[in-house]
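Peer 1: below is the structure, and that's it, no one-letter string:
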């Protein structure tokens with residue numbers, strides 16, 4: 001199979017994923033509306049008790065909780081989209097579609113590429129639309145302490161970095177979903193792995209309080225995705241600190257973990273197991 005056929009096969013699966021998503025309107029609502037409600041409700045409820053992290057104490061204007069929480073909600077939208085797009089692996093296996101793809105004369109990496117491309121596209125569209133809300137922050141009464149930079153260059157860089165995070169989380173979801181035989185099992189793993197991974201990434205609360213939790217946050221690969229996106233959205237305004245890694249460190253860790261998840265996904269699909277029987 002040549003490269004063009006590999007691309008066509010991957011994009012055919014990705015297009016199927018896009019069609020399936022937009023035909024199920026509840027998935028659109030669930031992937032976008034729940035994080036937006038979290039942002040509004042938690043932002044309103046926790047704003048009074050929020051203490052700015054160390055890296056924000058020297059800013060000219062105080063950092064509001066809505067501003068702190070904003071990049072984390074964008075990544076949460078990506079995470080939910082990755083969950084919804086990769087859980088379809090289990091459904092495709094039950095319906096027999098996956099067995100048909102496995103029996104086709106194409107490399108099994110086509111399955112990984114198709115799922116990752118489809119999930120990434122959906123995640124970037126939805127999270128990108130949410131990020132467009134950024135310039136409207138000042139119109140809803142939020143503090144203008146940190147103005148989101150939406151210049152063409154900065155928006156492009158933020159979009160590319162968000163795409164990398166989307167590939168990372170979709171590939172991670174693939175790794176989790178592929179060995180699963182039930183959606184219930186996937187939801188259980190989501191509850192004890194994926195959601196806590198987001199919670200201890202510095203998205204929901206700062207990680208500079210010290211103690212064992214700060215080390216958990218630093219060892220979490222998603223922490224660096226949140227940090228990199230935060231720096232790109234608030235370009236040039238945030239200092240480097242232990243709890244807020246530099247953009248280069250954030251990019252390196254995110255890229256390495258993304259590659260690891262993608263390679264592991266390909267190896268899982270290529271390995272002969274009960275789930276790979278054609």
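Peer 2: Cool, got the structure. Remember, it's a predicted structure, so these values are computed and weren't measured experimentally.

Peer 1: wait, doesn't residue 181 sit right on residue 90?
Peer 2: Yes - if you go by CB atoms under 8 Å, residue 181 and residue 90 touch, sitting 7.1 Å apart. Where C-beta positions appear, they are placed from N, C-alpha and C, glycine not excepted.

Peer 1: neighbour count: the two, which is higher?
Peer 2: Here residue 181 and residue 90 are set side by side on neighbour count (other CB atoms under 10 Å), and the busier one is residue 90, at 20 against 12.

Peer 1: how about that one, what does it touch?
Peer 2: Applying CB atoms under 8 Å, 6 or more residues apart in numbering to residue 90 gives the contacts 177, 180-183, 186.

Peer 1: how close does it get to residue 189?
Peer 2: 12 Å (CB to CB, to the nearest Å).

Peer 1: anything in contact with each of those two?
Peer 2: In contact with both residue 90 and residue 189: residue 180, using CB under 8 Å, 6+ apart.

Peer 1: and the contacts of stretch 257-277?
Peer 2: By CB under 8 Å, 6+ apart, stretch 257-277 touches 93, 99, 102, 108-109, 111-112, 116, 164, 167-168, 171-172, 174-175, 178-179, 181, 221.

Peer 1: quick one: it to chain centroid distance?
Peer 2: Distance, stretch centre to chain centre, for stretch 257-277: 20 Å (CA atoms, centre = their mean, to the nearest Å).

Peer 1: buried ones in it, by neighbour count?
Peer 2: Neighbour-count burial for stretch 257-277 flags 257-258, 261-262, 264-266, 268-269, 275-276 (criterion: 16 or more other CB atoms under 10 Å).

Peer 1: just stretch 217-225 next, same as before
Peer 2: Applying a neighbour-count criterion of 16+ other CB under 10 Å, one finds 217, 220-225 buried in stretch 217-225.

Peer 1: list just the nearest of the residues you listed to residue 62.
Peer 2: residue 217 (22.5 Å; CB to CB).

Peer 1: hmm, that closest one is touching residue 207, no?
Peer 2: Yes - using CB under 8 Å, residue 217 makes contact with residue 207 at a distance of 3.5 Å.

Peer 1: pLDDT for the buried residues of stretch 257-277 - can I get that in JSON lines?
Peer 2: What follows is those, written out as JSON lines (pLDDT from 0 to 100):
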{"residue": "257", "pLDDT": "96"}
{"residue": "258", "pLDDT": "95"}
{"residue": "261", "pLDDT": "93"}
{"residue": "262", "pLDDT": "92"}
{"residue": "264", "pLDDT": "93"}
{"residue": "265", "pLDDT": "90"}
{"residue": "266", "pLDDT": "88"}
{"residue": "268", "pLDDT": "88"}
{"residue": "269", "pLDDT": "85"}
{"residue": "275", "pLDDT": "58"}
{"residue": "276", "pLDDT": "55"}
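
Peer 1: so of those, which ones are in helices?
Peer 2: Taking DSSP state H, the ones among the buried residues of stretch 257-277 that sit in helices are 257-258, 261-262, 264-266, 268-269.
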